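Trainee: I'll drop the sequence and a predicted model, then ask my questions.
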Amino acid sequence: MIPDFNPNDYDPDSEIPDELLAALLIAIPTFENARMNTLISGASKNYLKGTKIAYERLGEKFVSSEVKDDVYKFLKTYQAQINEGYTVIQGEKVYWLRDRTLNERQKIFDIVKNGIIEGTNPNVTKKEFQNYFKMQKSQAEAIARTETAYVQARGRDDRYKQSGVKRVKWLLGKNPCPRCQNYGGHIFTWDSLPGETPLHPRCTCDLAPVLDPNEKETQTKDDTQKSPNELEKIIRDYETSIKDRTTEKAFVFDKNGNVLINKAGNEDSVHFTKAELKLLKGNILTHNHPGESPFSREDIKLACEKNLKEIRVIDKNGTYMMNLKDGSNFTKGLWDTKISTTVDSHINALLPNYQRLIDQGKVDAWKANSAMMNRAWTRTSKDVENMEYSFIKGVE
């Protein structure tokens, strides 16, 4: 829920004159309500537009009265989302509107307070406001485009499903990102679809119904040999998309950056089928840890047992990577004879110190475990020949 506007939350020291506070008390909620109403009022038209596109592709006649109930149902849900300050992206609530609103309120007060404290000329303060809202206008336009695409896509998909469409083809938009390029021309069922469109902000990809049961994919995997830098960029683009998730998600890449597996999990794991596990050999697995932590013991055990070339984990701080220096695959024998016993010995040596910090209330259990595992893997990688453990701060 977006909190009601309370000036004391942003100016508890009452540095702003009462008359100016009264003006802000009116202006700020008016601005916020206008933005929310703009999104909601355009939703009906955009949903209908998406539905109309679906009708045309299905070769059916568009009759707006037939989708009246669908529009009403969607609008009811969408309005509730906007009022709460979030949008559903790839099945998760993203509180962009709530967070943006709170940040904007603080920024407005900072500009006013700094002007008063520093005795800034009112014209200079006015110019700061103009520059700030000019930037907000640009960002708002990008958000509006993404929201428009999101609403249109929901109208399109709802009509496809109601018309019995079982498979869809991914159509690339203009200037597609590396992530979307992997999906262009591929045919998916609703269950195997890698994500809803738009897949990310400014995404212009589309889905077309596959009506011919014999239709095949129009694009195969990219077999172009990628340089290490090119491959790293592809992987990092995907990692950027999952680093802030509240549940785990994993991607498996081949040496050319093709996505072999795209799978979501729960708060602390991703489950792979037997068929998916066979795809791990010689490839690169990356996934996110919502709790901001490096590799678990189970992560590296999986890498060894399934012969991964590299395993990675990303959290809000950056990306942890584990591989072998000579470029070979991990092996089960390496885990059984060296890694497991070495990391366990380091964990046992480190545990008493971290447990004492927890007992003293100097650190919570989660952060203590994260720090302990990071040190344990650092030490293990030095003790086990050919093993490399590294960290890249942040994600571009």
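Mentor: Everything's here; your move.
Trainee: rest of the way, CA atoms for contacts and neighbours
Mentor: Fine.
Trainee: Follow the chain on from the strand or helix carrying Thr286 and name the next helix or strand.
Mentor: According to DSSP states H and E, Thr286 maps onto strand 284-288. Counting by DSSP H and E, the element after strand 284-288 in chain order, helix or strand, is helix 297-305.
Trainee: shaky segments in the stretch 101-250 of the chain?
Mentor: 108, 111-146, 217-223 (pLDDT under 70).
Trainee: in it, which spans are helices?
Mentor: 122-162, 178-181, 228-242 (DSSP state H, counting those that start in this stretch).
Trainee: Identify all contacting residues around the second one.
Mentor: Spelled out, it's helix 178-181. Contact with helix 178-181 is made by Leu172, Leu199, Cys205, Ile234, Asp237, Tyr238, as judged by CA atoms under 8 Å, 6 or more residues apart in numbering.
Trainee: Walk me through the domains of the protein.
Mentor: 7-162, 167-209, 228-393 (automatic domain parsing).
Trainee: Put together CSV for those, with mean neighbour count and distance to Glu215 on each row.
Mentor: Shown next, in CSV, are those (neighbours: other CA atoms under 10 Å; distance: least, CA to CA, whole Å):
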stretch, mean neighbour count, distance to Glu215
domain 7-162, 15, 15
domain 167-209, 18, 9
domain 228-393, 18, 21
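Trainee: Of those, give the one that comes closest to Lys216.
Mentor: domain 167-209 (7.4 Å; CA to CA).
Trainee: Show the contacting residues for the closest residue to Ala153 other than its chain neighbours.
Mentor: The shortest distance from Ala153 to any non-neighbouring residue, by CA to CA, 6 or more residues apart in numbering, is to Gly50 (5.8 Å). Contacts for Gly50 (CA under 8 Å, 6+ apart) come out as Val151, Gln152, Ala153, Arg154, Gly155, Arg156.
Trainee: what ranges do the strands span in the stretch 1-150 of the chain?
Mentor: Assigned by DSSP state E, counting those that start in this stretch, the stretch 1-150 of the chain shows strands spanning 87-89, 92-94.
Trainee: And Pro209, how far from Asp99?
Mentor: Distance of Pro209 to Asp99, given as CA to CA, to the nearest Å: 36 Å.
Trainee: Can you add distance to Ile40 and give the contacts of Gly50 back as CSV?
Mentor: Output for the contacts of Gly50, formatted as CSV (distance: CA to CA, whole Å):
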residue, distance to Ile40
Val151, 10
Gln152, 13
Ala153, 16
Arg154, 14
Gly155, 15
Arg156, 18
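Trainee: now, which of those residues sits nearest Met36?
Mentor: Looking across these and measuring by CA to CA, the closest to Met36 is Val151, at 14.5 Å.
Trainee: I'd say that closest one and Ala43 touch.
Mentor: Yes - between Val151 and Ala43 there is a contact under CA atoms under 8 Å: 6.3 Å.
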